[in-house]
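Asker: predicted coordinates and the sequence they were generated for:
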Amino acid sequence: MRLFSICMIFGLVGVVIAVHPAFANVWIPDDEYSGFYDINGTYTVIGAVKNTQDVSIVPTITINIKDGSSVYSQNYTLSTVNSQKDIPFKIQIPEIKGKDATLDRPQVSYITTSHVNPDVDVIYDKTLKKHGDGHETGMILNNSTSPAYGIKIFAAIYGKDGKFLDVGKSIETISKIDPGQKVAFSMYPDPQHATSVSYYSCFVVSDNPTIQVTMTKDGKPYNFTYLTTGSVTDVQFNYDTRSITATVRYPFPDTGYVNFMFPEESESEKFSVLSDGKPAQFIQSKDPDGYWHVALTLGPKSVQHIAISGFGDPATAQASQKEDYRNYILIAIPIGAAAVIVMILKKRKD
């Protein structure tokens, strides 16, 4: 069966200049935003951000869910969305335990960016195919004269009636695609939707041009990345304050931006930022791959000494684990003793 696909290209090579709340020109349509429990019982939120502005953006969505008497709210940063284009997303939220959770309307904020997209396309020929179990296979081609890196293919998945069913992501790791090179990809819907799939709307996404930093933290190598329109130097980990410190320079007359991306160490990490010793405004969010984002603006012709705190202390975590084990022993010993007494009394009666 011939697969109908609409494919779009995303990348980021440019300047982030501002943070905006989203209005009618950047939104998530009601009929392309929903939540469901996947085949493994994990609550999953799917949707698509539409950008009808004349500039590209990097959106952050706020997902709000009512789960019984509790409310879940979390920010997630997505990849770049070109002008007049969309980007789908699929986020699993295992924290939702109830079976009657209610998904509220999302909020969308964004930063604008100028960039050159990688010229990578899905090939429309007999290799593009939807299979009987609902999964998709195809090929992508790098039409440009330079390599593209960190390629991922996403797709909004629709049913026969045009209903938004799911979001797929290529299962292959495509670290690099050279000019003129073709690479195969495949993606699968959630099995519960397999027989209902009609067509895919594809999006090719490339990695942002982030800079990786390797430092020593708690006696081990620690890696994180950042994206900035300025420069970041003198990165260190301060053990006294449990913070990452750095000098951020922005020599230009407009407003700049820096976005630090840290691997998740716990689901409840809360960061704070000092700029030259004073509390600074920032946005904390998480991307669908589980990385925390800490983003803040840079003033014109500025030099800021940044301190980002909120990193847990392994010694405290180990002490907590030991205390939990101690409490377990204190409970287990009397339970075990009680069991022995019961066995002795039973033998005496016998």
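Answerer: That came through fine.
Asker: quick one, helices of this protein?
Answerer: Ranges of helices within the chain are 314-349, based on DSSP state H.
Asker: show me this structure divided up by domain.
Answerer: Annotated domains of the chain cover 8-205, 211-309, 317-350 [automatic domain parsing].
Asker: make CSV from those domains and add mean neighbour count to it.
Answerer: (Glycine included, C-beta is placed from N, CA and C.) Shown next, in CSV, are the domains of the chain (neighbours: other CB atoms under 10 Å):
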stretch, mean neighbour count
domain 8-205, 17
domain 211-309, 15
domain 317-350, 10
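Asker: could you dump the ones you listed into JSON lines with mean pLDDT added?
Answerer: Output for the domains of the chain, formatted as JSON lines (pLDDT from 0 to 100):
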{"stretch": "domain 8-205", "mean pLDDT": "87"}
{"stretch": "domain 211-309", "mean pLDDT": "90"}
{"stretch": "domain 317-350", "mean pLDDT": "45"}
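Asker: find the nearest non-adjacent residue to Gln281, please.
Answerer: In this structure, Gln281 finds its nearest non-sequential neighbour in Leu296, 6.7 Å apart by CB to CB, 6 or more residues apart in numbering.
Asker: contacts only, for the one you found.
Answerer: Taking CB atoms under 8 Å, 6 or more residues apart in numbering, we find Leu296 in contact with Tyr257, Val258, Val273, Ser275, Ala280, Gln281, Phe282, Ile283, Ile306.
Asker: what's the answer for Asn143, then?
Answerer: So Asn143 contacts Asp119, Val120, Asp121, Pro179, Gly180 (CB under 8 Å, 6+ apart).
Asker: turn those residues into TSV, including distance to Thr112.
Answerer: Listed next are the contacts of Asn143 as TSV, based on distance: CB to CB, whole Å:
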residue	distance to Thr112
Asp119	22
Val120	23
Asp121	25
Pro179	29
Gly180	32
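Asker: relative to Gly299, how far out is Gln281?
Answerer: As judged by CB to CB, to the nearest Å, Gln281 and Gly299 stand 12 Å apart.
Asker: with Val71 instead?
Answerer: 35 Å.
Asker: for Phe311, same thing?
Answerer: Going from Phe311 to Gly299 by CB to CB gives 26 Å.
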